[in-house]
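Novice: Provided below are the primary sequence and the corresponding predicted coordinates.
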Amino acid sequence: MAIEKKYIVDTTLRDGEQSPGIAFTLREKVSIAKALDKMGISRIEAGVPAMGQDERRAFEKIKLSCEKAEIVAWNRMNLEDIQASIDCGADIIHICVPASTLLIKEKLRKTNNVILEMIEVCADTIHKANKIFTIGLEDASRADWFFVEQIIQKAKDLKASTIRFADTVGILTPGTCNDFVKKLNTGIDLEIHMHNDLGMAVANSVSGTLSGAKYIDCTLFGIGERAGNCNLEHFLEVLDGQFNFGISLENLRRQQTKLKPIIFKTPSIV
Amino acid sequence: MAVIIDRTLTKIEADTMVPSDLLHFCELLFTCGVTKIEATPQVLTKINNFLLNPDLLSKTNAKTYFLTNYDGFFQLETNDLVEQNLDFSITATPHLNGIRLLGSDDLITRDYRTFFNNLLSSGSQYLDLCPSNKKHCATAIAIEWLLMGGQSVSCSFSGLNDDAPLEEVLMALKMNGQADLTGDLSVFKELRLLYEKLTGNIIPEKKAIIGQGIFKVESGIHVDGILKNPRIYEPFSPESVGNKREIILGKHSGQQSVIYKMRELNLSEAGVSTVLLHLKQHCANVGKSFSDLELCTLVREVHNGY
């Protein structure tokens, strides 16, 4: 019997690079992306084109250098940001939608209805550019469930291809992660994005995968904000042989050894 | 009431330990919420003047002992737990002195809930779970066990020798509404420093809960959120674990970060957009973050018309 296929979304170049002290030059970004593509990563979240000209140039070069991986551009719900992502050739335009009351009220200072309207405007621009459209629920693990359901319905209506469930501040346990993923798994591809604040990013990602998530966000060496993201190598070690991720652990380790000096310019960070 | 056992002192060489450091380490472990400290006779001999019942060491022949805290005094008891490898197919058999279940790296990939339920209804007097962290999931296994009603877990500070990291288990309990099981976690910084002194092991910057660098923040989006309300991007406050927040300037910085830093360093805020442009360009070119000294120099250059 064929092993079920699941997909890795590597966010080393986006969430990983946001880790303080980590910064890649244009050439380094392209080298990392090429290595990720060769090792069989399905989707590479290559950065935030809205950051500026250098980032957009990096995207263009990454797009030309990668043979198989789809290139994801991360965006705020902002049409200028989205246009920058479309212009630099990203395959997938991902929009980050704040899902928790804390983010909506205290950071964006907006209302739930405004958020839902903004998703529609963004989706329209992305569809007109004929790009794949994915939605990320930022801080979904602390969100009001009723609003999460509203966003999911909106995502389905607007033909988003994937919903990303983000445990932005890393507070889930495998049990709660399992419950969320099962509730979310209703007719749209599900992606999970776990943070390691309580040391459970790998376990939660495993739990989410077993509960039905199709795409799993990871970074090389687990780099990322605060205590980091789900460590790709560790994640694959735990589920070795249970799913087909299209990645050889041995090859991943070889590539990581080569990339380590590029990623950690400060040796003390690991 | 669940029991949290710390086993760090079963794995550290006693020879070079200074008794006062050892005592302080034990005090801090009890302060953060440890119920029992497991230690070898060699370690305990170093502090036997401070034990309520030191005779136990000479009268018994246990491999390890437990220290408990009685109003600031350390009481010794033998460790009578029968160790058993945690195999998914086993059901623990009742044992008078209690059982410690060890190992099971891949439990998280199995139906651990049913397994735990079976264990909990097995009639065992006392079940201590000591999961291995070889597959990076020991904290999760320990937490699931305790949240399902498990009586006891064994851990080690910073996950020494592949145990579940104590600090992660305690914080996860606190975050999951079990604050009555934990103590004052702000002693983690002191514990980390003492642990580094006792073991010579340096805790990685990004180690969950106790890493020195976990509250450093660079990205403009995150700094903006944190300045509005730290809870937006911090699951617990830096102070709650004895740490502090630090805003770092780099390739991902936004204007708010630069203004914050300028105020912190008593620099004039004039020309902030130019400063931001130059520093981001510099960081993108060299692939590193920007130090305070570099910021002072850049601000001076921008003000001088560079």
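Specialist: Here it is on my side, so go on. Residues are numbered from 1 along each chain as shown, chains lettered A, B, ... in the order given.
Novice: Please enumerate the strands of chain B.
Specialist: Applying DSSP state E to chain B gives strands spanning B:3-6, B:36-39, B:65-70, B:73-78, B:82-85, B:99-103, B:127-131, B:152-156, B:164-165, B:216-217, B:246-247.
Novice: for the last one, packing partners?
Specialist: So the one you mean is strand B:246-247. Applying 3 or more Cβ pairs under 8 Å, 6 or more residues apart in numbering or on different chains; DSSP states H and E, one finds that strand B:246-247 makes contact with strand B:216-217, helix B:255-264. Using the backbone N, CA and C atoms, a C-beta is placed for each residue, glycine as well.
Novice: mind putting these in a markdown table, mean pLDDT, mean neighbour count and distance to A:Thr25 included?
Specialist: Shown next, in a markdown table, are the helices and strands packed on strand B:246-247 (pLDDT from 0 to 100; neighbours: other Cβ atoms under 10 Å in any protein chain shown; distance: least, Cβ to Cβ, whole Å):
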| stretch | mean pLDDT | mean neighbour count | distance to A:Thr25 |
| --- | --- | --- | --- |
| strand B:216-217 | 95 | 24 | 21 |
| helix B:255-264 | 92 | 18 | 21 |
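Novice: The ones you listed: which one's closest to chain A?
Specialist: For chain A, the closest of the helices and strands packed on strand B:246-247 is strand B:216-217, at 4.1 Å, according to Cβ to the nearest Cβ.
Novice: Over to stretch A:209-220 now: how far is its first residue from its last?
Specialist: 18 Å (Cα to Cα, to the nearest Å).
Novice: roughly how far is it from the heart of the chain?
Specialist: 10 Å (Cα atoms, centre = their mean, to the nearest Å).
Novice: Likewise for stretch A:106-117?
Specialist: Taking mean C-alpha positions (Cα atoms, centre = their mean), stretch A:106-117 and its chain are 22 Å apart.
Novice: same thing with stretch B:3-16?
Specialist: 15 Å.
Novice: List the buried residues of that stretch.
Specialist: B:Val3, B:Ile4, B:Ile5, B:Asp6, B:Arg7, B:Thr8, B:Leu9, B:Thr10, B:Lys11, B:Ile12, B:Ala14 (16 or more other Cβ atoms under 10 Å in any protein chain shown).
Novice: Run through the residues of the stretch 51-200 of chain A sitting next to chain B.
Specialist: A:51-52, A:54, A:76, A:102-103, A:106-107, A:139, A:168-171, A:173-175, A:196-200 (Cβ under 8 Å from any Cβ of the partner chain).
Novice: Now a ChimeraX select for only the buried ones of these.
Specialist: Burial among those is assessed by 16+ other Cβ under 10 Å; the matching ChimeraX selection reads:
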select /A:51,54,76,102,103,107,139,168,169,170,171,173,174,175,196,197,198,199,200
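Novice: so which of the helices and strands packed on strand B:246-247 gets nearest B:Gly242?
Specialist: strand B:216-217 (15.4 Å; Cβ to Cβ).
Novice: is chain A contacted by that closest one?
Specialist: Yes. For strand B:216-217 and chain A, the contact criterion (Cβ under 8 Å from any Cβ) is met by B:Lys216, B:Val217.
Novice: Please enumerate residues in contact with that strand?
Specialist: The set of residues external to strand B:216-217 that reach it, using Cβ atoms under 8 Å, 6 or more residues apart in numbering or on different chains, is A:Pro20, A:Gly21, A:Glu225, B:Val223, B:Ile226, B:Tyr233, B:Arg245, B:Glu246, B:Ile247, B:Ile248.
Novice: Partner strands of that strand and their direction?
Specialist: Sheet pairing here is set by DSSP bridges, and for strand B:216-217 it gives strand B:246-247 (parallel).
Novice: quick revisit: just put the strands of chain B in TSV and tack on distance to A:Gly47.
Specialist: Below are the strands of chain B laid out as TSV (distance: least, Cβ to Cβ, whole Å):
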stretch	distance to A:Gly47
strand B:3-6	42
strand B:36-39	47
strand B:65-70	51
strand B:73-78	54
strand B:82-85	46
strand B:99-103	41
strand B:127-131	37
strand B:152-156	38
strand B:164-165	32
strand B:216-217	18
strand B:246-247	21
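Novice: Can you check which of these gets nearest to B:Gln178?
Specialist: Judging the strands of chain B by Cβ to Cβ, what sits closest to B:Gln178 is strand B:3-6, at 10.5 Å.
Novice: so where do the helices sit in the stretch 1-150 of chain A?
Specialist: A:26-39, A:53-65, A:79-87, A:101, A:112-128, A:145-157 (DSSP state H, counting those that start in this stretch).
Novice: nope, chain B is what I was after
Specialist: Taking DSSP state H as the criterion, chain B contains helices spanning B:19-32, B:41-46, B:55-59, B:112-120, B:138-147, B:166-175, B:188-199, B:220-228, B:255-264, B:272-286, B:292-303.
Novice: Tell me who's in contact with the nearest residue to B:Leu279 once chain neighbours are set aside.
Specialist: Leaving aside its sequence neighbours, B:Leu279 sits nearest to B:Phe290 (Cβ to Cβ, 6 or more residues apart in numbering or on different chains; 4.9 Å). B:Phe290 makes contact with B:Ile248, B:Leu249, B:Gly250, B:Ser253, B:Leu279, B:His282, B:Cys283, B:Leu298, according to Cβ under 8 Å, 6+ apart.
Novice: from the residues you listed, which is closest to A:Asp124?
Specialist: Closest to A:Asp124, out of all of those and judged by Cβ to Cβ, is B:Ser253, at 31.5 Å.
Novice: mind checking how far that closest one is from B:Thr35?
Specialist: For B:Ser253, the distance to B:Thr35 equals 44 Å [Cβ to Cβ, to the nearest Å].
Novice: Enumerate the residues of the stretch 1-150 of chain B near chain A.
Specialist: So the stretch 1-150 of chain B meets chain A at B:106, B:108-109, B:113, B:135-137, B:139-141, B:143-144, B:147 (Cβ under 8 Å from any Cβ).
Novice: between those, which is nearest chain A?
Specialist: Once Cβ to the nearest Cβ is applied, the member of the residues of the stretch 1-150 of chain B next to chain A that ends up nearest chain A is B:Ala140, at 3.2 Å.
Novice: what's the neighbour count on the closest one?
Specialist: The number of residues packed near B:Ala140 is 32, by other Cβ atoms under 10 Å in any protein chain shown.
Novice: What subset of the contacts of strand B:216-217 is buried?
Specialist: By 16+ other Cβ under 10 Å, those give A:Pro20, A:Gly21, A:Glu225, B:Val223, B:Ile226, B:Tyr233, B:Ile247, B:Ile248 as buried.
Novice: Tell me who's in contact with the closest residue to B:Gln42 other than its chain neighbours.
Specialist: Leaving aside its chain neighbours, B:Gln42 sits nearest to B:Ala14 (3.9 Å; criterion: Cβ to Cβ, 6+ apart). Applying Cβ under 8 Å, 6+ apart, we find B:Ala14 in contact with B:Thr40, B:Gln42, B:Val43, B:Thr45, B:Lys46.
Novice: Name the nearest residue to the last one, ignoring sequence neighbours.
Specialist: Taking Cβ to Cβ, 6+ apart, and ignoring the residues beside it in sequence, B:Lys46 has B:Pro19 as its nearest neighbour in space, at 4.9 Å.
Novice: That neighbour - how many residues pack around it?
Specialist: B:Pro19: 14 neighbours (other Cβ under 10 Å).
Novice: Show the model's pLDDT score for it.
Specialist: At B:Pro19, the pLDDT value in this model is 93.
Novice: cool, A:Val270 as well?
Specialist: 42.
Novice: shaky segments in the chain?
Specialist: Chain wasn't specified; assuming chain A. Chain A contains residues with pLDDT under 70 at A:266-270.
Novice: That was the other one, I meant chain B.
Specialist: In chain B, residues with pLDDT under 70: B:89-97, B:306.
Novice: Outline the domain layout of it.
Specialist: B:1-204, B:216-303 (automatic domain parsing).
Novice: how about those domains, which one is nearest A:Leu26?
Specialist: So among the domains of chain B, domain B:216-303 is nearest, using Cβ to Cβ, at 7.4 Å.
Novice: I'd like the distance from that closest one to the chain centre, please.
Specialist: With Cα atoms, centre = their mean, you get 27 Å for domain B:216-303.
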